[in-house]
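Visitor: the sequence and its predicted three-dimensional model are supplied below.
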Amino acid sequence: GRLQIGSNDALGTSSSPSITVASGATLDLNSQTPTNTNALTISGTGAGSYGGALVNSSAVASSTYSGSITLAGDTTISPSAASFFLSGRITGNYTLTVGGTAATKYVSLTGTSANSMGSINLAGYDLAFTNVNQLGNGTITSSSANAKLVYGPSSSPAATGQSFELSNALNTGADSAKILTISPNDSSNTITLSGIISGSGKLKVGGGGTLVITNTSNTFGGGVEIGTGGISVASDSALGSGTVNFGTATSSALYFTDNNTVSRNFTLGSSSYTANIDVANNKTVTLNGTITPISTGGKLNKTGNGT
């Protein structure tokens, strides 16, 4: 069944015993921020249609759980009606599935200790983080067309002027309908993706900023979507297979930092959009594929000092 708390002290004080949510049960934070900061052990997909083992079903306000969380099995959590923040350490060699019904209802990881869950499955919308250590070391997979890994809540970045590496393996999803969006969340932020990227779904940058993709052994096959922001590669092979789509009128850019001969095709999200392709100084990029729909009003804008 579901335990829905009605006040901040409903689970006791910080000296209370630890709490276990057994598989098949749901702890509903109900817009409360529990005073209890002791350990929480959870597992399973929750009770009935509540959406997870840990949920926030009230749209009144966001919730925060600050105690440590141990995954006793594969676990689903979901901000079903409002966001919630997890500031304690998460451990347990199992998959943490993050659900959700809208980008404005997100799970935010804010703890200062490194998490060590087995892997992360993005089955809904946004999972926000403020430090890559919060994401553990396992594979991060999309099982949704709306999955987004975002540096800070979508409304604002965790910080600006940041440049850091995300070394987790990434999986864009089991089929072409899935999308994995990575958002640096500000034009001044850069995230370097160094792990293997696999899957049949699409990799997307959105929310502003730049993704630097360095692994030339990437195998994802759903192509690339450049929303608001840019993607930078030294080698075209880092982009997997499939087309590259420029998804904004003027704010989507692809940066080549080394010589490349590119056979893939490029598309524009609208006949009025611009494909901004930047070539670094003293480098040459040859495009052998098609760029559509240039003939019906789309534009190719070459930037940078290369050729």
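Guide: Arrived safely. Small disclaimer: the values here were computed from a predicted structure and weren't measured.
Visitor: and Pro17, which of the three is it?
Guide: coil (DSSP: H, G, I helix; E, B strand; the rest coil).
Visitor: neighbours of the residue lying closest to Ser183 once chain neighbours are set aside, how many?
Guide: Once flanking residues are discounted, Ser183 sits nearest to Gly207: 3.4 Å by C-beta to C-beta, 6 or more residues apart in numbering. For the C-beta atoms, the positions are set from N, CA and C on the backbone; glycine is no exception. By other C-beta atoms under 10 Å, the residues close to Gly207 number 23.
Visitor: now do the contacts for Gly207.
Guide: Residues in contact with Gly207 (C-beta atoms under 8 Å, 6 or more residues apart in numbering) are 148, 150, 154, 181, 183-186, 227-229.
Visitor: what of Val150?
Guide: 106, 126-129, 181-183, 185, 207.
Visitor: the residue nearest to Ser183: which element?
Guide: Using DSSP states H and E, Gly207 sits in no helix or strand.
Visitor: stretch 224-243: end-to-end distance?
Guide: 6 Å (C-alpha to C-alpha, to the nearest Å).
Visitor: the helix or strand encompassing Ser43: partners in the sheet, and parallel or antiparallel?
Guide: According to DSSP H and E, Ser43 maps onto strand 40-44. Applying DSSP bridges, strand 40-44 is found paired with strand 19-21 (parallel), strand 69-78 (parallel).
Visitor: which of the ones you listed sits most buried?
Guide: Highest mean neighbour count among those (mean count of other C-beta atoms under 10 Å): strand 69-78, with a mean of 22.
Visitor: what about it, average pLDDT?
Guide: For strand 69-78, mean pLDDT is 98.
Visitor: and for stretch 260-277?
Guide: Averaging pLDDT along stretch 260-277 gives 95.
Visitor: flag every buried residue along it.
Guide: 260, 262, 264-269, 273-277 (16 or more other C-beta atoms under 10 Å).
Visitor: how about stretch 20-29?
Guide: For stretch 20-29, burial by neighbour count (16+ other C-beta under 10 Å) applies to 21, 25-29.
Visitor: quick one: which of those residues is nearest Leu193?
Guide: Leu29 (32.2 Å; C-beta to C-beta).
Visitor: and that closest one, what does it touch?
Guide: With the criterion set at C-beta under 8 Å, 6+ apart, Leu29 makes contact with 5, 54-56, 63, 65, 84.
Visitor: and if we set it to 6 Å?
Guide: Shown in contact with Leu29 (C-beta atoms under 6 Å, 6 or more residues apart in numbering): 56, 63, 84.
Visitor: residues making contact with stretch 239-257?
Guide: Here stretch 239-257 makes contact (C-beta under 6 Å, 6+ apart) with 218, 220-228, 230-232, 234, 265-269, 273-280, 285.
Visitor: quick one: average pLDDT of it?
Guide: 96.
Visitor: equivalent analysis for stretch 27-34, please.
Guide: Computed over stretch 27-34, the average pLDDT equals 95.
Visitor: make a markdown table out of the buried residues of stretch 260-277 and add secondary structure.
Guide: Shown next, in a markdown table, are these (three-state DSSP):
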| residue | secondary structure |
| --- | --- |
| Asn260 | strand |
| Val262 | strand |
| Arg264 | coil |
| Asn265 | coil |
| Phe266 | strand |
| Thr267 | strand |
| Leu268 | strand |
| Gly269 | coil |
| Tyr273 | coil |
| Thr274 | strand |
| Ala275 | strand |
| Asn276 | strand |
| Ile277 | strand |
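Visitor: same list (those) but as TSV, adding distance to Ser241.
Guide: Output for those, formatted as TSV (distance: C-beta to C-beta, whole Å):
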residue	distance to Ser241
Asn260	15
Val262	12
Arg264	7
Asn265	11
Phe266	14
Thr267	14
Leu268	19
Gly269	20
Tyr273	22
Thr274	24
Ala275	19
Asn276	22
Ile277	19
